[in-house]
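**Student:** Please work out how this folds:
(4 chains)
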There are 4 protein chains.
Amino acid sequence: MIVMKPTATEDEIQAVINRIESCGARAHPSRGEEVTVIGAVGDREHVARLGLEGSPGVEQVVPILKPYKLASTQLRNGERTVMEIGGRLVGGDNFAMIAGVCTVESREQTLETARIVRDAGATMFRGGAYKPRTSPYAFQGLGEEGLRLLKEAKEETGLPIVTELMDARDLEPVLEVADMIQIGARNMQNYTLLTEIGRSNCPVMIKRGLSATLEELLMASEYVLKEGNQKVLLCERGIRTFETAYRFTLDLTAVPVLKELSHLPVIVDPSHAAGRRDLVTPLSLAAAAVGADGIIVEMHPHPEEAICDGPQALYADTFPEYLEQVERAAAVAGKVLSSTPA
Amino acid sequence: MIVMKPTATEDEIQAVINRIESCGARAHPSRGEEVTVIGAVGDREHVARLGLEGSPGVEQVVPILKPYKLASTQLRNGERTVMEIGGRLVGGDNFAMIAGVCTVESREQTLETARIVRDAGATMFRGGAYKPRTSPYAFQGLGEEGLRLLKEAKEETGLPIVTELMDARDLEPVLEVADMIQIGARNMQNYTLLTEIGRSNCPVMIKRGLSATLEELLMASEYVLKEGNQKVLLCERGIRTFETAYRFTLDLTAVPVLKELSHLPVIVDPSHAAGRRDLVTPLSLAAAAVGADGIIVEMHPHPEEAICDGPQALYADTFPEYLEQVERAAAVAGKVLSSTPA
Amino acid sequence: MIVMKPTATEDEIQAVINRIESCGARAHPSRGEEVTVIGAVGDREHVARLGLEGSPGVEQVVPILKPYKLASTQLRNGERTVMEIGGRLVGGDNFAMIAGVCTVESREQTLETARIVRDAGATMFRGGAYKPRTSPYAFQGLGEEGLRLLKEAKEETGLPIVTELMDARDLEPVLEVADMIQIGARNMQNYTLLTEIGRSNCPVMIKRGLSATLEELLMASEYVLKEGNQKVLLCERGIRTFETAYRFTLDLTAVPVLKELSHLPVIVDPSHAAGRRDLVTPLSLAAAAVGADGIIVEMHPHPEEAICDGPQALYADTFPEYLEQVERAAAVAGKVLSSTPA
Amino acid sequence: MIVMKPTATEDEIQAVINRIESCGARAHPSRGEEVTVIGAVGDREHVARLGLEGSPGVEQVVPILKPYKLASTQLRNGERTVMEIGGRLVGGDNFAMIAGVCTVESREQTLETARIVRDAGATMFRGGAYKPRTSPYAFQGLGEEGLRLLKEAKEETGLPIVTELMDARDLEPVLEVADMIQIGARNMQNYTLLTEIGRSNCPVMIKRGLSATLEELLMASEYVLKEGNQKVLLCERGIRTFETAYRFTLDLTAVPVLKELSHLPVIVDPSHAAGRRDLVTPLSLAAAAVGADGIIVEMHPHPEEAICDGPQALYADTFPEYLEQVERAAAVAGKVLSSTPA
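**Tutor:** Model (predicted):
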C-alpha cells in the first residue's frame, strides 16, 4: 500500500504504478480528495525490493501482508501447535515448567537442583554450559564439561534438557545432550546460527531480543522454520525501556499477541526479566494467568554462592510451593502442568 | 554519594567536601585505589541543590535516599494502606473492580452500564465527563451534563463514582459527584492540579505518565500527600516502548515494585494499555495475579456505537463472566473482591 | 484504510463497508488474493470515531490523512513561517539564540546574565519565574517577583523575554512581561492551558513531551492554532530512552522531519537534554548544523551557586565564544543569527 | 557500593561486610542517619559475582568502577587514539568519510560508485558482500563473489575497503580483501565473532546495537581489545525509541560521551539511522558538527534500482557536493578530512 503525498503529481503517481507493474505485481490506485493511495498486489519481497519509500511524491509505504509465513496463524488455520519435546507435550492446554540452574557450576549443584525439579513434577531441566556474558572478564561457562554434567542430570532424573547454543561450531556436542536448544536474546538475529539449527531437527526456543519487535522475533523463527525444523518456541524475557527500577520490563502483552499472530508456543522467562528473586513469583503468576504456554525459571540450592545471576535465583527448597502456586494461576487460563511423559 | 573521576586531584576532592559542608551536611570520603567516593549525609534537597554533577573532578552523583517521604513504605513501617472510598475498602487484601464507560455519552448508556456493574457486584463505577483528547477536533466530553448523569447513576445504583479532572477550575462541580477523582496520564505532572486536589479531601487515583518512572509517579503522589490529602492511589496504565504491535506496553513489574516502595494501593488499567478488547481479559487476569489492588476497566452496551475508545470496551453483557474470572486470578494472589459496602 | 484479516468473511467485509458509509464517508474495497483492504474517503474524525479496530474481521486501521491541519506544511503550500517576536524575526533563514537563566534567582543574577546575552548579540532572554519541579520539596520559582525582575531585564537590555507558564490562572501577569510564553514538556498535553494561550495573541514555544511523538507535538500546537493564535514554535528538548549515560537523548532527527511536516519554526534545547555543561556546546553545534531555527540555552554567572540546574548552565563569561561557534555551525545550514531588531 | 535498606538490621549489615571480605575485597561501611552504605574496594568482577543484590537488607548495588579497562580513556591518560587503516589516518583531528554501496550488486555498480568515492576524495570504500537481513526470503548478499568485486574496486581506486563479517567461518576470505571489518548492530553481542576478530589484526568497526547502552558497546569493544587487536572503532547508527516517524533515532549525544569515556574513534552512520535519503545530509552535518571522527554513508548510481536499502542511498552524482558540505561542518568541530594516504 503506497500512500502518495498530497502534492504528488499525476506523473509521479504514474511512475509508481509503472514500477509496481515492472516487478510483476498489480497496482490498484484509489484517488481520494486529498491523497492517492496505490495498492500493490503481488509478492511482498518483490514489492519491498522496489524501495518505493524514497521515490518522488511518495509519503509512506504501508506493508499489508505479514512478512512471516511459516510462523503465522494462518499456516495452521488458527490451530495451535502442540509439540513433543523429550517425551513431554508443549503447547495447547499443556503448561511447561522449565526449571533449573542459570549456569552449570558443579556436579553437586546440578544434580541437587535437577532432583528438586524432578520431584516437584516440573517439565524440563535447564542449565547453561555456554554463557553469553557482557564482560569478557566474567565467567563464560564450563563448556563441554557442563554438557557432560547435564547429561548426567538427564540420566539420573529422566528430565528433558534445555541448554543454550551460542556458536554454530558447538552444535554437535550440544545436540548430544539437548532435548531443546535455547537461543539467547543477544543471538536472536544471529542468522547463521538460526539457519544451522534449522537444519538440525532439535526443538529450539528463541528468546526475544531486548528491543526486538514481535515481528522481528517471528522473522527469526522463520529462519529456522524455513530450513525444515518445525519445532520452534518463542520466549518473552523482558524488553528494554526507560524504567531503571528493574532490569528489564517484562512485556506480558506480547503473550496473547504472539498467540494471535503465530501458532508457535510462547514461553516466559521471569528470572532474567526481573533480575531479582522477590519479583520472580508475582511475575510468574502473571505470566501463567495471561496465557503463556510455559515458564522458564532459575533456582539454586545456595543462591548466595552462585557464580552467575544468584540474585534472581529462587531458593531451590521453595520451588515445590512456587510451582503449586503457578499451577493455580495457569488453571485460571485453562492450562494444566505438563509433567508426566506424554 | 559523590563519585570522583579517577583523575580527580586532591584539591578537587577537597572542594567537593567543602561544598557539601557549606550546606550543613557532613562529608564522608572513602579513598579507593582507583577512585574516591564521598558520602554526603544531610538533607537530600539541600545536597541536590548544590548541583555537584558539573563540578571539576566529579564523575557522577548517586542519590541514596529516596526523594519521596509520605508515599514511602517506611512511613507506615511496611504496613499497607487500606482506605475507605464511598463505603468500599480499597487496599490490603481487598480487590477493587472499578468498571464503567470511557465517556458518558447519554442517559441510557450510562444507566444501563451502571446497572450491569452493580448487578455483577463490582466495586465502583467510572465515567468520563471531561476527556483529554490528543486532537482538538475530537469529542471533548459532555462536561457538567456528564457530571449530572454520573450523579443519577450513583443515586440509582449506590455505586461510588470515579471521574477525571483535567482543570483545577472544574474541581468544585467534580467534587459534588466524585467519590474518587482520576488524574490522567497526561496530567501526572500537572503540579498545580495535583496541589489543588491535595487541598481537597477527595480520594484521587493518579495514572502513571506514559513514560514516567516509578519514582516520578511517587513524586506526583507526594504533591497530593504533602497538602494533607492521604487518600492517593497509583495506577499503571501502560508505558510507551518501541513495540508497535499494541498501543502501550502494560508494565506489570511496576505493581510489585510500587508495592515494595510505597504503602499506597496500586490499580491497573488494562483497557487503555491494550486499546483492543481481545487483550483486556488476559491482561486483567495477569494484573490480578501479579498482586494489583484493583482494576479499572471500560465496557459499553454497544461498543461499535461508542463515541470514544469503542475498540477497547468490553461488551457489557460479558462483564459478569469476566469479573468472575478476574476474581479467580485475584484469589491466586490472596485477594478478595471488595463489593459490599464496608 | 481498513485492512481485513485473511480470514475475514464476506459478511464482515460488507459490515465494515456499511459502517463507513453510515458516517457519510465512501468505502473503496480492494480485494487482494490474500487480504481485502477498504479505503474510507471522508472526514478523518468521523471515520476514527467508528472505532473499526475492534470490529469482527478487521486486522488493523491505518490512518492515511494527517490529523493536524493548521500546523501542516500544506497549509502554506510548503512555505515556511517567519514570525516577528518582540521585534526579532524567527524562522526561515533566521537563527534565534535564546539564552538566559534557568530560574530567576535574584536581581543581580538576572541583570548580569541579561547584559551578557545582549552584549553577545543574542536574540532573546529567557528566565523562569514559575518552575515545574519533580519534587514538591524543591524550589518552585520566585513567581510574580520573578516576573518583575524579568521586566526590569527587558527594560534595561531591550531583549524580548521568554518565560514559562504552568497554570492558566497566571496567564495575565505573565502576558504583561512575556514576548514569548514557554510551555514545558510536562504540560505539552495540558489542553486547557494550550487552549487559553490560543485565545491570547502571545507567541508560544511548546516543548515536546519527553516521550511525545512528533504527531502528538503537532496536535498540541493545533490546540493553540485552532483558537486563532498563529505564533507557535516547536521545541525539541530530548526524549526518554533506555540509555542512562545522559539525562535525555536529544532527538535531532526530529528537526528536519518536523520541518517537513510543518511550517512552524523548530527550536532545540540542548541544556535540558544533556543536563551536563560539557555536552551543551557539541549538541548546540549539531542542532545548528542539522537546520534548527534556533537554540534555547541556559547560563549562569556562577553555576555552582545556582538554585536549579546549575550543572547544565554554561559559564556566562564563555557565552560570546560559544555563540560565535554556534553561528558558524548555523551558517553551514544556511542560517544567520537574528540579533538586531527587525 | 552497597546501599542497605533503612530497615536493615545490624546482623544484615555485618553479613554483607563478611561476604565482601570473603572475596578478598575490603569493606568500608558509612552509617548515615537513615541508611548505611558499604563501599567494597577490590576486584570489580569478584564483587559483582557475589550477587549481593538479592541479600537480606540490601536495597541496591551501585557499581562505581567502569567494567571496561582497555577501551577506557584512562588507559591512554586521556590521549585519543589515532590509527592507520589502509594508509589513512583515523581519529584525532582526522575526519574519515567512509562511503560506498549498501550491497555489492554488480561489477558496474561497484566500480562506478568506487570511482565517484575516490574522485571526491573520500577516505574509504564500503560495500556489503554478506548482508544480515530480517527476512530469510530477502537477498542475502553476493558472498565470495561480492568480495572479489570489492578487491577489484580496491585495485582500481586504491581505496581501503570496509565490509561486514557475520560468521566467524567467513573470516579468512574477508581478511583477504578488507582493510577494516564491520560488525553489524545485530552482532554487537556475538561474542564468539568478536573474539575471533580480536585474534586477527584487522581494524574493526563495531556498530552499536539498536538498544545497546554505551557501556555495552564499550564492553563489546573490550572483547576484541582483550585478544590483542587494538584497532577498534565505535559506530553510532541510531537507536530504537518510541518514535515511529523515522526508522531509528540517531543518538548524537553518544558521540561526545563515548569520546569522554573511551580513547577509541567514533563513527556515525546516518544512512541506516534515517532510512530516508532526504534526512541523510542534515544528519551528516549534525554528526560532523558534534565531533564525530567520521561518517559511513551509502550511495548508489541508481538508487531506485538498488536491491537493498535504495530509499536511503544518496544519488552518487550528488556525493561531491555532499562531501564538501560535511567537510565544512567537520571544520566547525576542528577536524580535517582524511583523504590522502598518510
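**Student:** A:Ile17 looks like it's in a strand, true?
**Tutor:** No: using DSSP: H, G, I helix; E, B strand; the rest coil, the assignment for A:Ile17 is helix, not a strand.
**Student:** Next one: it from A:Glu45, what distance?
**Tutor:** 20 Å (C-beta to C-beta, to the nearest Å). Quick note: C-beta positions are derived from backbone N, CA and C, even for glycine.
**Student:** Between these two, which has more neighbouring residues?
**Tutor:** The neighbour comparison of A:Ile17 against A:Glu45 (other C-beta atoms under 10 Å in any protein chain shown) goes to A:Ile17, with 17 against 13.
**Student:** How is the residue nearest to the more buried one when sequence neighbours are not counted assigned, secondary-structure-wise?
**Tutor:** Leaving aside its chain neighbours, A:Ile17 sits nearest to A:Ala27 (4.4 Å; criterion: C-beta to C-beta, 6 or more residues apart in numbering or on different chains). For A:Ala27, the assignment made with three-state DSSP gives strand.
**Student:** For A:Ala27, grab the count of nearby residues.
**Tutor:** Neighbour tally, A:Ala27, other C-beta under 10 Å: 19.
**Student:** Could you verify my assumption that it touches A:Val37?
**Tutor:** No: taking contacts as C-beta atoms under 8 Å, A:Ala27 lies outside contact range of A:Val37: 10.8 Å.
**Student:** For the residue of the stretch 101-250 of chain A found nearest chain D, list the residues it contacts.
**Tutor:** Taking C-beta to the nearest C-beta, chain D has its nearest neighbour within the stretch 101-250 of chain A at A:Ser211, 3.4 Å off. By C-beta atoms under 8 Å, 6 or more residues apart in numbering or on different chains, A:Ser211 lies in contact with A:Ile239, A:Arg240, B:Phe242, C:Phe242, D:Leu210, D:Ser211, D:Arg240.
**Student:** Could I get the residues you listed in TSV, plus columns for secondary structure?
**Tutor:** Compiled in TSV, the contacts of A:Ser211 are given as follows (three-state DSSP):
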residue	secondary structure
A:Ile239	strand
A:Arg240	coil
B:Phe242	coil
C:Phe242	coil
D:Leu210	coil
D:Ser211	coil
D:Arg240	coil
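**Student:** Pull the most distant pair out of these.
**Tutor:** A:Ile239 and D:Leu210 (12.1 Å; C-beta to C-beta).
**Student:** Domain ranges for chain A, per the record?
**Tutor:** Domain assignment for chain A by automatic domain parsing gives A:2-61, A:73-337.
**Student:** what about the shortest one, how long is it end to end?
**Tutor:** Same thing as domain A:2-61. 5 Å (C-alpha to C-alpha, to the nearest Å).
**Student:** From the chain's centroid, how far away is it?
**Tutor:** 35 Å (C-alpha atoms, centre = their mean, to the nearest Å).
**Student:** Could you pick out the longest strand of chain A?
**Tutor:** The residue-count maximum for a strand in chain A (DSSP state E) belongs to strand A:94-103.
**Student:** what mean pLDDT would you report for that one?
**Tutor:** Averaging pLDDT along strand A:94-103 gives 96.
**Student:** Go ahead and name everything in contact with the helix or strand that it is followed by.
**Tutor:** Using DSSP states H and E, the helix or strand that directly follows strand A:94-103 along the chain is helix A:107-120. Applying C-beta under 8 Å, 6+ apart, the external contacts of helix A:107-120 come out as A:99-101, A:104, A:125, A:127, A:149-150, A:152-153, A:156-159, A:299-302, A:316-317, A:319-320, A:323.
**Student:** Give the pairing partners of the next helix or strand after helix A:107-120; include direction for each.
**Tutor:** Heading C-terminal from helix A:107-120, the first helix or strand you meet, by DSSP H and E, is strand A:124-128. Sheet partners assigned to strand A:124-128 using DSSP bridges are listed as strand A:94-103 (parallel), strand A:161-164 (parallel).
**Student:** and strand A:124-128, how far out from the chain's middle?
**Tutor:** On C-alpha atoms, centre = their mean, the centre of strand A:124-128 falls 16 Å from that of its chain.
**Student:** Please apply the same query to stretch A:321-332.
**Tutor:** Distance, centroid of stretch A:321-332 to centroid of chain: 22 Å (C-alpha atoms, centre = their mean).
**Student:** Give me the buried positions along that stretch.
**Tutor:** A:Tyr322, A:Leu323, A:Gln325, A:Val326, A:Glu327, A:Arg328, A:Ala329, A:Ala330, A:Ala331, A:Val332 (16 or more other C-beta atoms under 10 Å in any protein chain shown).
**Student:** of those residues, list those near chain B.
**Tutor:** Restricting the buried residues of stretch A:321-332 to those touching chain B (C-beta under 8 Å from any C-beta of the partner chain) yields A:Gln325, A:Arg328, A:Ala329, A:Val332.
**Student:** Let me have those residues in a markdown table, adding distance to chain D as columns.
**Tutor:** Output for those, formatted as a markdown table (distance: C-beta to the nearest C-beta, whole Å):
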| residue | distance to chain D |
| --- | --- |
| A:Gln325 | 20 |
| A:Arg328 | 25 |
| A:Ala329 | 23 |
| A:Val332 | 29 |
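**Student:** now for those residues, which pair is the farthest apart?
**Tutor:** Farthest pair in those, by C-beta to C-beta: A:Gln325 and A:Val332, 11.6 Å.
**Student:** what do these two both touch?
**Tutor:** B:Val332.
**Student:** circling back: with respect to burial, which of the strands paired with strand A:124-128 scores highest?
**Tutor:** strand A:94-103 (a mean of 27; mean count of other C-beta atoms under 10 Å in any protein chain shown).
**Student:** ok and that strand relative to helix A:107-120, angle-wise?
**Tutor:** Here strand A:94-103 runs at an angle of 170 degrees relative to helix A:107-120 (axes from the mean of the first three to the mean of the last three C-alpha atoms, to 10 degrees).
**Student:** ranges for the helices of the stretch 101-250 of chain A?
**Tutor:** Assigned by DSSP state H, counting those that start in this stretch, the stretch 101-250 of chain A shows helices spanning A:107-120, A:144-157, A:171-177, A:191-199, A:214-226.
**Student:** want to throw these into a markdown table with mean neighbour count and mean pLDDT?
**Tutor:** Formatted as a markdown table, those follow (neighbours: other C-beta atoms under 10 Å in any protein chain shown; pLDDT from 0 to 100):
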| stretch | mean neighbour count | mean pLDDT |
| --- | --- | --- |
| helix A:107-120 | 19 | 96 |
| helix A:144-157 | 18 | 97 |
| helix A:171-177 | 16 | 96 |
| helix A:191-199 | 21 | 95 |
| helix A:214-226 | 24 | 97 |
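**Student:** Flag every buried residue along the helix or strand bottoming out on mean pLDDT in chain A.
**Tutor:** Of all helical and strand segments in chain A, the minimum by mean pLDDT, DSSP states H and E falls on helix A:44-49, at a mean of 80. Within helix A:44-49, the residues scored as buried using 16+ other C-beta under 10 Å are A:Arg44, A:Val47, A:Ala48, A:Arg49.
**Student:** For my notes, please list these in TSV and give distance to B:Leu258 for each entry.
**Tutor:** Output for the buried residues of helix A:44-49, formatted as TSV (distance: C-beta to C-beta, whole Å):
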residue	distance to B:Leu258
A:Arg44	43
A:Val47	47
A:Ala48	43
A:Arg49	48
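**Student:** nearest to C:Gly92, of the contacts of A:Ser211?
**Tutor:** D:Arg240 (33.8 Å).
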